[in-house]
Structures are given as structure tokens and as C-alpha cells.
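In: sequence and predicted structure, then a few things I'm wondering about:
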Amino acid sequence: MNQKIYIIHENDEWTNHLTKRLEELGYPYESWFLNEGMVDLTKEPPKGVFYNRMSASSHTRNHHYAPELAGAVIDWLEYHGRKVFNGSNALRLELSKVKQYVALEKAGIKIPRTIAAVGKTQIVQAAKDLNLFPFIIKHNRAGKGLGVQLFQSIESLELFIQTIEFEDSRDGITLVQEYIQSPTGSITRAEFINKKYLYSVRVKTDDGFELCPADVCQIGDAFCPTSQNSETEMKFKIIDNPHLDLIKKYEQFLIDANIDVAGIEFIEDELGNTYTYDVNTNTNYNPDAEAEKDVYAMLELAKFLGENLT
């Protein structure tokens, strides 16, 4: 075996779990940390397997142009016929929830009612046009639940967007969205590797909206918990997913969108209707939940990448 697995990313903490598994399995790899760099278009890229883990929230780590650099690298790789998992279209959807929602609706997957707006006046008008209470706003280019705020009225939104707490999305697009109330106070994330369903994890949302399941979330991120919700119930728990038809739709969606690895999040209302609101192509996994069920997504991902080496 003379080829490597190349990992395209901008966050070592989110990547170490994968590289440890690759080392356990004996697969050669190389980390491409793309905070800064160059793409020499006059040269051919190395041969091997390339896996994109670029994040839409890179700017929160001062890696402001990492996705743009990753996009240039991936275009270069694809032009030369290299095998890229989570390639250019996956990155395109990672960086825009609007693009995600259009693709989801095209696949027949229900999303919350959403209006995209640029400008404070337009955000307020979008909320008036939505005319659903309560409602939320969030960033179009996000990750980690960036910009998510819940409002009970137009007046509270008008006050908020004039404060220093209001922050534009990295791309300037704010989404005004129907708020779906979960009777169980939870959301579900379905995990997929090689476009195939692996497992679902229930995430308790009592503390807020930022729902990062990894064990590397910063302590200061109040809504990115990884330990226990209480003494008796874990915040992250792998469950049997009863929505088998939805899982099939997700698998077809991933095939059509050419996304190889993803966590897709949905919420269920009191009538049992499901609403899909996020496609995370840089998905992380909660170690406590996996240990309880003895299933390890990073191990499965490492096997998948290694099996594609020639």
C-alpha cells in the first residue's frame, strides 16, 4: 500500500479521534490543516484518498478563509480525478443552510418554514411575513448553533437586533424560522457513513440550541454539553429510530447530493411530524453514548476510508 488517506480540515481537536482510529488500523494518513496555504494549479496532487472535514464554523476559531481554501483544494483534486469523500457539493451545502433546505425539499424532506434575509429591516419584515410565534433566527453559515435566538414577538426581535449581542452570519444571511416545539425536549441526529445509516442519537435540548455531540466542546460553550443532563439521564443517547421511511429518504438525499459522511438533525412535534433542519457534513460523535451501545462511528469511518485505498 503506497497511498495515503488525506484529511482536509481546520480543527485538530475534531480530527484526532479519526487519526487515532486510522493508526489503530494501520492505515497511512496525512493531515492537511488548511487555515492557510497554497494550491499550485500547475502541479498534480498526490494519489490517495481525500476526506473533507472542513467546518462552517471555522471563522469562530479565527480560520476565516479555511473553507474557501478547502474549496480551491477540492476543485483541484476533483479536476485531477482524485477520490474525494465529502467533496465540492458537500462543502457547498455545509456552508449554506439555504442550499441545504432547497436540496432537502427537492428530496421530499420536510423542513421548518424559513425565510432568508439580509439586513436588519429585512429580518424584521421576514418575521412579520412568517407570522408564526414563537420563532427563531439563526445564521445561514453556521455550525455549533451559531446565532440561534428564540423570540416570542416581533417587538422583542426589533429590540434584540439593535443590541451588540446581534451578530450577522459569516455570509450576511440570517434565517428567520418556524420554531418547532418538541414534547420530549429533544432532537435526533441520524449518522451516516458511506451514504448508509449507522445509528441515531437523541440529544436533550433543555439547556439550549448548540448541539455539538463531540467530547471536545469548550467548557465555555454552555449549550455544547457532553456529560450528563442529570444524575439519571444522559444528554446524548443512541436510540432506535422509528422513522424508517425518513432514514430511506436521507440515504437517497445523500446519494443525490454526493455526500458520503453526515449527521442529519430533525425534530418531532407533538403530532409526530418530523422537521429536518440541519445537514452536518463535519459530524462529530459522543464517546459516552457510543460506549453505552458499543458502536463507534470514527472506527467505522476509518475502516471505510482505509477500504478505499488502493
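Out: Received the coordinates, thanks.

In: give me the beta-bridge partners of residue 193?
Out: Taking DSSP bridges, one obtains residue 196, residue 261 as the residues bridged to residue 193.

In: could you tell me how many residues sit around it?
Out: 21 (other CB atoms under 10 Å). In this view, the C-beta of every residue, glycine as well, is placed from N, C-alpha and C.

In: ditto for residue 241
Out: By other CB under 10 Å, neighbour count at residue 241 equals 16.

In: what bridges to the residue positioned nearest the centre of the chain?
Out: The centroid of the chain falls nearest to residue 280 when counting by CA atoms, centre = their mean (1.9 Å). Beta-bridge pairing for residue 280 (DSSP bridges): residue 263.

In: strands of this structure, residue ranges please.
Out: 4-9, 29-33, 48-52, 83-85, 114-117, 135-139, 149-151, 174-178, 186-193, 196-204, 236-239, 261-268, 274-280 (DSSP state E).

In: make JSON lines from the ones you listed and add distance to residue 95 to it.
Out: Conversion of the strands of the chain to JSON lines gives the following (distance: least, CB to CB, whole Å):
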{"stretch": "strand 4-9", "distance to residue 95": "14"}
{"stretch": "strand 29-33", "distance to residue 95": "18"}
{"stretch": "strand 48-52", "distance to residue 95": "12"}
{"stretch": "strand 83-85", "distance to residue 95": "16"}
{"stretch": "strand 114-117", "distance to residue 95": "14"}
{"stretch": "strand 135-139", "distance to residue 95": "11"}
{"stretch": "strand 149-151", "distance to residue 95": "21"}
{"stretch": "strand 174-178", "distance to residue 95": "14"}
{"stretch": "strand 186-193", "distance to residue 95": "19"}
{"stretch": "strand 196-204", "distance to residue 95": "23"}
{"stretch": "strand 236-239", "distance to residue 95": "26"}
{"stretch": "strand 261-268", "distance to residue 95": "14"}
{"stretch": "strand 274-280", "distance to residue 95": "11"}
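
In: can you tell which of those strands is closest to residue 75?
Out: strand 83-85 (9.7 Å; CB to CB).

In: give me the contact list for the closest one.
Out: The contact list for strand 83-85 (CB atoms under 8 Å, 6 or more residues apart in numbering) reads 48-52, 74, 77-78, 260-261, 305, 308.

In: picking that back up, got the contact list for the residue nearest to the centre of the chain?
Out: Going by CB under 8 Å, 6+ apart, residue 280 touches 94, 143, 189, 262-265.

In: show me which of those residues is closest to residue 20.
Out: residue 263 (19.6 Å).

In: could you measure from the closest one over to residue 139?
Out: Remark: distance between residue 263 and residue 139 (CB to CB, to the nearest Å) = 18 Å.

In: do residue 287 as well
Out: 28 Å.

In: still on that earlier bit, of the strands of the chain, which is nearest residue 246?
Out: strand 274-280 (5.8 Å).
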